[in-house]
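Q: based on what follows, work out the 3D shape:
(chains A, B, C, D and E, ligands or ions: 4)
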Amino acid sequence: MANISCNDIVKSYGGHPVIEGLDLDIPDHEFVVFLGPSGCGKSTMLRMIAGLEEVTGGRIAIGGTDVTDLPPGERGVAMVFQSYALYPHMSVADNITFGLRRQGASRSEIAPRLTQVAELLGLEKFLDRKPKNLSGGQQQRVAMARAMIKTPQVFLFDEPLSNLDAKLREKLRTEIRKIHMQLKTTTIFVTHDQLEAMTIADRIVLMRDGRIEQMGTPDEIYERPATRFVADFIGTPAMNFVSAEIAAGDRLVAHGEGMTLELSRDVFPDLAPGQRVELGLRPARMDLCAPDARNVISGSVVLVENMGAEGQVITEVAGREVSFVTQSFRDLSPGDPVTFAISPDHIHVFDPSTGRSLRRN
Amino acid sequence: MANISCNDIVKSYGGHPVIEGLDLDIPDHEFVVFLGPSGCGKSTMLRMIAGLEEVTGGRIAIGGTDVTDLPPGERGVAMVFQSYALYPHMSVADNITFGLRRQGASRSEIAPRLTQVAELLGLEKFLDRKPKNLSGGQQQRVAMARAMIKTPQVFLFDEPLSNLDAKLREKLRTEIRKIHMQLKTTTIFVTHDQLEAMTIADRIVLMRDGRIEQMGTPDEIYERPATRFVADFIGTPAMNFVSAEIAAGDRLVAHGEGMTLELSRDVFPDLAPGQRVELGLRPARMDLCAPDARNVISGSVVLVENMGAEGQVITEVAGREVSFVTQSFRDLSPGDPVTFAISPDHIHVFDPSTGRSLRRN
Amino acid sequence: QDEMACKGEVPTLNVIGQGMPAVTALDDKLSEFNEKWDTEVRITMLGENERRAKARLDASTGAGAYQVLYIDEANLAEYVSAGWVYPLGEVVPESYDIGDFRTDLSNVATVDGVQYFAPFVGGGDVMMYRTDLLEEAGIEPPATLDEMVAAIKTLDEADNGAHGWSARGQRGSGMNVWRWTPFFRAMGGEWLDDGGMPAFNGEAGVEATELYTELMDYAPPGIATFNWSDSVEAFRGGQVAILIESDVFGPWMEDPEKSSIVGKVGYAPPPDPLPSAGWAHGWAVSKVGASDDCTKTVAGDFVGWATSKEMEQRRLEAGIASDVGRTSTLQSDAFKELVPQDYIDALLETGPKTDLLIMTSPVWPEIGDTLGLTLEEIFSGTRDDVQAALDEAAFFAEDSLMRLK
Amino acid sequence: MTRKRFVTLTLVPAIGLLATLALVSIAGAVWFAVMNRTLRSPDYDFVGAYNFLRLLRDRRFFNALEISAIWEAVTVAGTLALAVFLAVLIFETVKKPLYRNLICFAFLVPVLLPRVAAAFIWRFLYSPSLGVLNYLCGLVGIGPVEFLADPSLALISVAAVDIWQWGLFFTVILLKLLETLPRDPIEAAMLDNARTWEIHAFVTLPMLKGPLISLALVKAVESLRSFDLIFVMTGGGPGTATETLDLYAYQMGINMGGRISYASAMSLLLLVVTTVAFTIIWKAGKKWAS
Amino acid sequence: MGKLISATLTRAVLAVLIVVALGPILWTVLGAFKELRDIVTPVPKLFFEPTLENFATILRNPTIRDGLLNSVIVVSAAVLVGAVLGIPAAHTLARHARKWGDDVQFFVLSLRFMPPVAIAIPFIVIYLDLGIYDTLFGLVLVYLIVTVSTVIWLAVPAFERVPRDIEEAAAMEGCGPAEIFWRFSLPVAAPSLFGALVFTFVLVWNELLLALTLAAQNATLPVVAASITSLGKEVPWGVINAATVLLVLPPLVFIGLLMGLLNTMVRSGPK
Ligand SMILES: Nc1ncnc2c1ncn2[C@@H]1O[C@H](COP(=O)(O)OP(=O)(O)OP(=O)(O)O)[C@@H](O)[C@H]1O
Ligand SMILES: Nc1ncnc2c1ncn2[C@@H]1O[C@H](COP(=O)(O)OP(=O)(O)OP(=O)(O)O)[C@@H](O)[C@H]1O
Ligand SMILES: [Mg+2]
Ligand SMILES: [Mg+2]
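A: Ligands and ions are numbered 1, 2, ... in the order given. Next up is the predicted model:
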């Protein structure tokens, strides 16, 4: 258990910078999720913290000790690799227990723990197999087991669940969370799955091109995205963006592309009439409504996408596509006119030039 | 373009059966998704159709010709591998265009297509790199590009998006769908992501332990799961299952574990009073309601999980956990008493011994 | 001259050679011969062991790639009995004066009165001793074997870092057996009894072996596997007081380029009753390789030409004094100029003692090898029952001799 | 091209050529082995199994068999041990490709020396009176050591040369193999708290089991034919302390005796013995590696 | 700090080991410049007046040049043909022959169990009949036993280590087995094949007995090297050293080229 602090980390591959001066502090016991588009440097950060990749610049400390120059084995971290990195010549059981055996744990100590993680991950039947005889998901589970059997200071997970089905993923996610609650081991978890990120994280670090775009609790990230990029990146279906101009008048109203929407003065006290802004409307925050409701948008249905209990409706509003989510999507078909609305509290406003949120509290 | 028909396919590894007598017909132009728990045989099926794995028994035909004994190259299929299988000694561009160059396509023909797929997949910057210098997601995109640049009879995708972020995944999913609409190439797509399966598939093949559990449109699979397994597997958060007994009386009512729920007589005409059943309640189909609504369930909050726009609320009802989903989860905290309800149309009923659905239409 | 009719008939003449000065010195003169016969002489240089193997294989398998073979004393009997070479007189023209070859060498090259190869190097034994060390210890150069043994013991104990003696220990008919034989002969030993059966396991053999082994205690370490080179280099390097070796090594001690004991060496014939072991290397014409008349003629002329008096004189002119095959050369002034008088005296004194001491039998190589092996085992201490060891070697020899019939 | 044709096209020429040449040499050897051919005389007779029966009574043959077995064990084990040790050491300590290549280059030199020349050089190094090794031994107060003349040391001394030549070469090969290994498992092992030597003992080397077994076997085969080295250095001596089978066969068949029939019989026996021994080792190795 | 010390220590150990390993080579190079007198001394001399005479002796010797030429021809032909025949065969054994692949592979190795003595004599006889005795072609032919079998033996594990899914992906693109081999397996396995080729090269480069017995005029370098060891009765230590130094250079150049080729082909090394 330990806090992690990364100080002005720089990493380049052959002169080509990948991480550029990144600062990050992760308090003890925290569960942090790295989220970001593919290639933004998540794995690289993880590998540098693990000591598998040398930093080009900056220092990393774990639990207060500077580990920048320590070899990976001495940093007290356990890691699940994106590429599994199983030992091809060892059986699954040996793969999992290798680390413990190296630490000199006795047989009688190892056996019950092996049984436990194997059961947790549904690997009991495969313990004697070689990794190459397993399916992709099974291999990924072995990689998980290998990390979870240990009691390190820090857990690093690089997309540990990407090859698992939703059910198993949910189960493991819950287990990881439970283990974390029990052991309180500081954990960094890389994932592409926002839902996973939202449900599991104490805090989310949202990265972009080797920099941190926003760091905060899942709520903060979702409800108060600091930039247009974050707002766009988080939430499925993705946010609708609309250019608008603040109207003069008593109430705070934005006009734009076929819609007129009222905003909350409390949240955006600084908006001045005539200011050009970009509005962000989450599809999940909008729903069908009566044509005379507040903040109504009307358009015609272009496409309806079934998402199980809900459906995403893509509509055309003044020549551009706007989508929203509704449970009653089954009654809609392309061409139908619809009206839907969003509450002022759920509208995001961004500066169109910098992309920064204009929210003030 | 061609239909695929698999006839009584058997596959064993060293005497150990993995696929046991599977029959499958995929009509021309269809977009089929294989879904199922990790290790159920999805990749194996795909590899057999591609010709990379020999069948132990049964025949496979593509476009009416029996291809069981044809080498992979002559089946006219393109495939994306779960493990990427990039050519380590070739640059990204060469990896992508290899197939075309091999077919003798001219430079002037290849160049624009390369530009196009590279752009589509966001790979423009990496065309000169070797695969090992790419991030996991970038490698996966190269694997996608390699298949998508071609115009085969059949596309096979083995979890092509598992390492991509939601945004990119959504974009690619749409693109794949668009390409399919344009070219109408018969496609099999393996994924773990139900949402992906739901949104992209013409039909879903739900596999379990080497057999097909249910095959149908996304709607059918979601709304009319044929078995408890399917119902449990599909949909997040997972379905709640409750043992109940059909009560005698006018209306069709089931009593069980602290709740009394009315069912639809239309859907379940065969249920007899006194029959023991298992009810399936989708969290996404339930919501907070007034205590006096119809089909109400009351319990106390155990845990609230933030899922962005909605939250999953896990409650205790008569000693067991039941979860539901609501947008107004932010007002709830553990210990609060809640009441929520489900419409009779959305209740699933299964035979507790066979697990088969008791629905009759 | 119908001989010259063969001019141009033999496009190449293949010769096996070993890197003796007499052979290497031919290089720049070959063109003369090539022109004479309109041929091309190609000398294949081989190491000693490879040379033996190659020549044997070439002749025995009928390959006949070589017209001229390189022969030494140890395998002459084999070649002759197998009929692989022509008698020298049959192929070398009279003009080259076969009678002029050194008698000691000609004897070695002769089987049953017929000379088979033209020797260009060879000789007998000399005793070399360190005048400085002997003087220091106040010892006269030994004249008998007993004196020599005594001198060796004294010199070895002397506090000058040098060893008393050196010899060859490594197995091989041309190695330890070669140096052991004079001792064996000095004890009156004979190789075969009257019935033609091996007799070297008699008393003489045992005595000779015991003495040889005893002397090794006074030699540099590692002697049990010394070959001639090790032994001579040990002496030349100043580590040994007395050495009996082939006379060709004499001039080496005086070479300031290589020797650290120049001017400190005395030469004498081997002390009585040790005889001197004669040896010779030379060229003969192969019956297998030169089967037709023209080839035979040209090959014969080559052997004559390459070992002629003139050739030896030209070598002396070039300053090469180590290989001398002809009496006329020994007597020439040019030779005397190049070599210390002391050495020539010893040579002349040794001459009468020189003889071919080894068994003249086609199976000698394998008998000698087995004997050498046995001796090496005794020298290195792997075996100590001398009699039993020799008996075993003799038994093996019997087997070989039997197969000969 | 179909798979079948590819298989035929690739295998038939190679295996056909090998099989023909093998057949020729084995048939030749068998032919000679049942005769009493010697190089000395052109006549020979059929003698049946005589040569084989005589072999069974040949003390030198059995000695040679024993020496060969020891030689095999020492050189193969020594070569691999040296190679593994050095390769791992270099892999871990020298990271710059340039330096690595330089070391590789230097390490290739010994094995490229003509064996005869290498043997001479070492003979000289070992020389008790003139050699550097004994001089160095002398500096630390040991010796003189009779490396080649002491029957108990000679085999080891010659083997050391063989190990020197091949061990350094194998180091290079092994280093290249290590470099081609995927990085991930090594990284995983680092995180599994394995010490450097443990990573190699438990991860990298086991991953290279297959190539290692192959290398060990070719080395074993090469060790079967070390006659040039031994011949120059000791000639098989002292006594028969370093006389291996191929040296004995050479001595008998070509060098001294010219008894090629006897040598052929010996070679055939050697062929049988090695085939049996190696088959067992190979099968066991395959099982272990799988 | 302790780390630093142990790191320096291992480096020092390595340096010492390298020096020891290369000691004999360095000594040989030194010896090549010594006069015999400076070599044959009880106390080894580190400082002496260098001479080029040894090299001159060697370079004057025409057999070296011929030997070198013969060796280059024979060895490159044998290795090349060995590679051309052996490498595809190895790929087939590794990939397409599940059941009997192992046995074939072992058969190939077993060809080399017989001592060359036994092979030499039958071959002389046959070669004489065929008229290829003492030709470079004949030498190449026997060496093919060595090269083909060694290449196969060592290349099979190299191909087994090529990830199977790469070949499968290529098969999906419609590549036949030949194309898969040529364009995928071969380049990917190339670094491991390097060892196999160099190994094979070394084996035939140093082969003495067959070269000696099956050729006469067309001697290869090992035969020449053996002849240099007995120039006259005296062992010419300096000349041997010089010859050794010279004889090692050509193969080093060859291997250097091979290495360079590989390095450009596949940039290997840590990720
Ligand atoms: N080479 C093999 N030898 C033995 N069993 C194997 C082999 N390959 C796969 N299997 C087994 O076959 C079953 C099906 O594997 P498959 O790869 O088809 O699963 P999958 O559905 O693709 O799973 P995932 O979603 O985890 O990739 C698994 O249980 C796996 O362990
Ligand atoms: N060895 C390398 N050489 C050059 N560039 C590299 C190398 N490894 C990674 N990169 C680049 O560094 C960037 C970050 O890579 P990283 O693996 O950290 O991404 P990631 O965030 O984990 O992406 P993904 O979600 O796709 O796994 C990528 O753009 C990648 O192309
Ligand atoms: Mg990554
Ligand atoms: Mg799979």
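
Q: and residue 54, what's its pLDDT?
A: You didn't pick a chain, so chain A it is. Note on residue A:54: pLDDT of 90.

Q: wait, chain E
A: So residue E:54 comes in at 82 (pLDDT).

Q: distance of the closest residue to chain E within the stretch 151-290 of chain D from ligand 4?
A: Relative to chain E, the nearest point of the stretch 151-290 of chain D is residue D:267 (3.3 Å; CB to the nearest CB). All C-beta spots, glycine's among them, are computed from the backbone N, C-alpha and C. From residue D:267 across to ligand 4, the span is 55 Å (CB to the ion, to the nearest Å).

Q: how many neighbouring residues does the residue in the stretch 301-405 of chain C that ligand 2 sits nearest to have?
A: Nearest to ligand 2, among the residues of the stretch 301-405 of chain C, is residue C:380, at 61.5 Å (CB to the nearest ligand atom). Neighbour count for residue C:380, taken as other CB atoms under 10 Å in any protein chain shown: 27.

Q: nearest spatial neighbour of it, skipping sequence neighbours?
A: Once flanking residues are discounted, residue C:380 sits nearest to residue D:238: 3.3 Å by CB to CB, 6 or more residues apart in numbering or on different chains.

Q: ok, the one you found touching residue C:226?
A: No. Using CB atoms under 8 Å, residue D:238 is not in contact with residue C:226, being 10.7 Å away.

Q: just to revisit the earlier point, just checking, the residue of the stretch 301-405 of chain C closest to ligand 2 touches residue C:169?
A: Yes. Between residue C:380 and residue C:169 there is a contact under CB under 8 Å: 7.4 Å.

Q: common neighbours of the two, please.
A: C:224, C:225, D:149, D:238 (CB atoms under 8 Å, 6 or more residues apart in numbering or on different chains).

Q: wasn't the first one part of a helix?
A: Read that as residue C:224. Yes. Applying DSSP: H, G, I helix; E, B strand; the rest coil, one finds residue C:224 inside a helix.

Q: confidence score at it?
A: pLDDT at residue C:224 comes out at 84.

Q: next one: residue D:160
A: So residue D:160 comes in at 92 (pLDDT).

Q: quick one: contacts for residue 51?
A: Because you didn't say which chain, this covers chain A. Contacts of residue A:51 by CB under 8 Å, 6+ apart are A:67, A:70, A:71, A:72, A:75, A:77, D:190.

Q: wrong chain, I was asking about chain D
A: So residue D:51 contacts D:33, D:34, D:36, D:261, D:262, D:264, D:265 (CB under 8 Å, 6+ apart).

Q: if we can go back for a sec, per-residue confidence averaged over the helix or strand containing the residue of the stretch 151-290 of chain D closest to chain E?
A: According to DSSP states H and E, residue D:267 maps onto helix D:260-289. For helix D:260-289, the mean pLDDT works out to 86.

Q: what is that helix packed up against?
A: When contacts are defined as 3 or more CB pairs under 8 Å, 6 or more residues apart in numbering or on different chains; DSSP states H and E, helix D:260-289 sits against helix D:3-33, helix D:50-56, helix D:209-223, helix D:245-250, helix E:101-110, helix E:116-130.

Q: now it: buried residues?
A: D:260-271, D:274-275, D:278, D:282, D:285, D:289 (16 or more other CB atoms under 10 Å in any protein chain shown).

Q: what do you get for stretch C:271-279?
A: Using 16+ other CB under 10 Å as the test for burial, stretch C:271-279 gives C:271, C:274, C:275, C:276, C:277, C:278, C:279.

Q: do it and chain E meet at all?
A: No. Against chain E, stretch C:271-279 shows no contacts by CB under 8 Å from any CB of the partner chain, the least distance being 10.4 Å.

Q: who touches that stretch?
A: Taking CB under 8 Å, 6+ apart as the rule, stretch C:271-279 contacts C:72-73, C:104-105, C:107-108, C:122-127, C:142-145, C:147-148, C:178-179, C:181-183, C:185-186, C:244, C:246, C:269-270, C:350, C:353-358.

Q: list the contacts for residue 242?
A: No chain was given, so I picked chain A. Residue A:242 touches A:256, A:257, A:259, A:278, A:279, A:281, A:320, A:322, counting by CB under 8 Å, 6+ apart.

Q: nope, chain E
A: The contact partners of residue E:242, by CB under 8 Å, 6+ apart, come to E:32, E:33, E:54, E:55, E:57, E:58.

Q: the stretch 101-250 of chain C: helices as residue ranges?
A: Ranges of helices within the stretch 101-250 of chain C are C:103-108, C:131-137, C:145-157, C:176-186, C:203-216, C:228-236, C:250-253, based on DSSP state H, counting those that start in this stretch.

Q: closest to chain E out of these?
A: Closest approach to chain E among those (CB to the nearest CB): helix C:228-236, 4.3 Å.

Q: low-confidence stretches in the stretch 101-250 of chain C?
A: C:158 (pLDDT under 70).

Q: at 50 instead, please
A: Low-confidence segments of the stretch 101-250 of chain C (pLDDT under 50): none present.

Q: spell out which parts of it neighbour chain E.
A: C:228, C:229, C:232, C:233, C:236, C:237, C:238, C:239, C:246, C:248, C:249.

Q: okay, and the common contacts of residue D:238 and residue C:226?
A: C:169, D:149.

Q: returning to that earlier point: can you select the buried ones from the contacts of stretch C:271-279 in ChimeraX?
A: Of those, the buried ones go into a single ChimeraX selection, burial set by 16+ other CB under 10 Å:
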select /C:72,73,104,105,107,108,122,123,124,125,126,127,142,145,148,178,179,181,182,183,185,186,244,246,269,270,350,353,354,355,356,357,358
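
Q: ranges for the helices of the stretch 301-405 of chain C?
A: Going by DSSP H, counting those that start in this stretch, the stretch 301-405 of chain C shows helices at C:309-317, C:327-331, C:333-338, C:341-350, C:364-379, C:386-404.

Q: tell me the SS of residue D:225?
A: Quick answer, by three-state DSSP: residue D:225 is coil.

Q: count of neighbours near the closest residue in space to it that isn't next to it in sequence?
A: Closest residue in space to residue D:225, ignoring its immediate chain neighbours: residue D:246 at 5.3 Å, by CB to CB, 6+ apart. Residue D:246 has 30 neighbouring residues, counting by other CB under 10 Å.

Q: so residue D:246 versus residue D:170, what's the distance?
A: 21 Å (CB to CB, to the nearest Å).

Q: with residue E:31 instead?
A: Per CB to CB, residue E:31 is found 26 Å from residue D:170.

Q: check which helix or strand covers residue 19.
A: Unless you meant another one, I'm taking chain A. Going by DSSP H and E, residue A:19 is in strand A:16-26.

Q: wait, chain E was what I had in mind.
A: helix E:2-32.

Q: what are the contacting residues of the following helix or strand past that helix?
A: Using DSSP H and E, the helix or strand that directly follows helix E:2-32 along the chain is helix E:36-39. Residues outside helix E:36-39 that contact it (CB under 8 Å, 6+ apart) are C:256-260, D:124, D:130, E:31, E:45, E:48-49, E:236-238, E:241.

Q: how far does helix E:36-39 sit from the chain's center?
A: Taking CA atoms, centre = their mean, to the nearest Å, one finds helix E:36-39 lying 32 Å from the centre of the chain it belongs to.

Q: against which helices or strands is the helix or strand following that helix packed?
A: Once the chain leaves helix E:36-39, the next helix or strand it forms, by DSSP H and E, is helix E:53-60. Counting contacts by 3+ CB pairs under 8 Å, 6+ apart, helix E:53-60 packs against helix E:237-265.

Q: ok so, going back, using CSV, lay out the helices of the stretch 101-250 of chain C together with distance to residue B:300.
A: Putting the helices of the stretch 101-250 of chain C into CSV (distance: least, CB to CB, whole Å) gives the following:
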stretch, distance to residue B:300
helix C:103-108, 120
helix C:131-137, 114
helix C:145-157, 109
helix C:176-186, 105
helix C:203-216, 105
helix C:228-236, 101
helix C:250-253, 111
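
Q: what segments of the stretch 101-250 of chain E are helices?
A: Counting by DSSP H, counting those that start in this stretch, the helices of the stretch 101-250 of chain E are E:101-110, E:116-130, E:136-160, E:164-172, E:177-180, E:186-205, E:209-214, E:221-228, E:237-265.
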